[in-house]
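> Kindly return the folded structure for what I paste below:
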Amino acid sequence: MTDLLSRIELRCAARGITESTFGRYVVNDGKFVARLRAGGSMTLKTLERLEVALAPDPGGLPPGPPGKVWPG
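Numbering: from 1, shown residues only. Got it, this is the predicted structure:
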C-alpha cells in the first residue's frame, strides 16, 4: 500500500493536481486517497483502475482515466 500511495503522490505532483482531484478522476471519490492512508481497502476493480491511471504511456505521460481528460 505504501508503494501505491507513493506512486499516487508522484503522479499528482507531476500533474500538478491534488490527491482529491486524482481520486475524483480515477474512482469518482475525492476522499479515496485519504481513506487509503487511514487504512481503508479497495476492490480489485478499483486497483485495476488505479494501475491504468498510474501507468505511463509511450510518450511518458500517464493516461487519463477512461472517458475523462486529465486537467493541466
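
> Have a look at this protein and report its longest helix.
Longest helix in the chain by number of residues (criterion: DSSP state H): helix 2-15.

> Who are the packing partners of that one?
Contacts defined by 3 or more C-beta pairs under 8 Å, 6 or more residues apart in numbering; DSSP states H and E place helix 2-15 against helix 19-27, helix 32-37, helix 44-54. Every residue, glycine included, has its C-beta placed from N, CA and C.

> Columns mean pLDDT and distance to Glu9 on top of these, output as a markdown table?
Listed next are those as a markdown table, based on pLDDT from 0 to 100; distance: least, C-beta to C-beta, whole Å:
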| stretch | mean pLDDT | distance to Glu9 |
| --- | --- | --- |
| helix 19-27 | 92 | 7 |
| helix 32-37 | 96 | 9 |
| helix 44-54 | 91 | 11 |
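
> For my notes, please list those helices in a markdown table and give distance to Ala13 for each entry.
Compiled in a markdown table, those are given as follows (distance: least, C-beta to C-beta, whole Å):
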| stretch | distance to Ala13 |
| --- | --- |
| helix 19-27 | 10 |
| helix 32-37 | 13 |
| helix 44-54 | 13 |
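
> With respect to burial, which of these scores highest?
helix 19-27 (a mean of 19; mean count of other C-beta atoms under 10 Å).

> thinking again about what came up before, would you tell me which of the helices and strands packed on helix 2-15 gets closest to Arg7?
Minimum separation from Arg7 across these (C-beta to C-beta) falls at helix 44-54, 5.2 Å.
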